[in-house]
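J.: no FASTA, just this:
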């Protein structure tokens, strides 16, 4: 074996990778079970956004929107509330479960075991991203049932939508990690994270779908992680017959540009998440 052979090609490297994969899978299974059994989390991530969407449709849309435009307006609103649910999922998936682990001093035991901190974080993120995708997807059939019209802009649209949702979920999950570590109380962390989701949703013009209620410069809507993701998703799932009926200006960025920006946010956030998990939760100073 040559000296420049990579570590992963050695038996020890393979064993380390197998152990990391096994730990990640175990953490994922644990967190998925906890998340999807928690009625409080399911209410805030799935029931609340869906109910909020129905309330908006019943109260604000009738009589205010021309009939030929209404299906596309409802579709944009459904996407907006779907990504709102995904934000809550990404935040709650960490804040409640991580807060509970901190309160129960589980990390005191985890530190004494041969556990890779990144495997723990990866498991949490896979579980959280899964819940975020479910939270988003639940609103779409409800939208269809109320008359929303969805379509695909291109054959790559499903991949663009998936990439946008996952990358922006990573950003919000790391926000939840930081909040949970700072607060160290599952109840307060949950309140703070849900409040953050509501404030971000409302102040950004319903995740960037209604710039008329956004008080900042419109171009910023194509740069903030949650509004950029929402506008990209809406652009690829809501395809009206004319550009005048589509999502309000500014024009959504090209998919490649938008996804590159979201990926940059995700990578930076992931670095913060890994550092916080290693140094604060596991108290390990040496990387990786």
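T.: Happy to help now that I have it. Because the structure is predicted, anything quoted here is derived from the model rather than measured.
J.: tell me which residue is most central in the chain.
T.: residue 169 (2.2 Å; C-alpha atoms, centre = their mean).
J.: contacts only, for it.
T.: 86, 89-90, 128-129, 132-133 (C-beta atoms under 8 Å, 6 or more residues apart in numbering). Using the backbone N, CA and C atoms, a C-beta is placed for each residue, glycine as well.
J.: which one of those residues is nearest residue 175?
T.: The closest of the contacts of residue 169 to residue 175 turns out to be residue 90 (C-beta to C-beta; 8.0 Å).
J.: what about the closest one, distance to residue 205?
T.: 20 Å (C-beta to C-beta, to the nearest Å).
J.: quick one: which of the contacts of residue 169 is the most crowded by neighbours?
T.: Highest neighbour count within the contacts of residue 169: residue 86, with 33 neighbours (other C-beta atoms under 10 Å).
J.: not counting residues beside it along the chain, what's closest to that one?
T.: Residue nearest to residue 86 in three dimensions, not counting chain neighbours: residue 132, with 4.1 Å by C-beta to C-beta, 6 or more residues apart in numbering.
J.: state the helix or strand in which that neighbour lies.
T.: Using DSSP states H and E, the element containing residue 132 is helix 117-145.
J.: from the contact counts, what lies against that helix?
T.: Packed against helix 117-145 by the contact rule (3 or more C-beta pairs under 8 Å, 6 or more residues apart in numbering; DSSP states H and E) you find helix 11-37, helix 48-59, helix 70-103, helix 157-183, helix 255-276.
J.: compare those helices and give me the one nearest residue 111.
T.: helix 70-103 (12.1 Å).
J.: avg pLDDT for the closest one?
T.: Averaging pLDDT along helix 70-103 yields 90.
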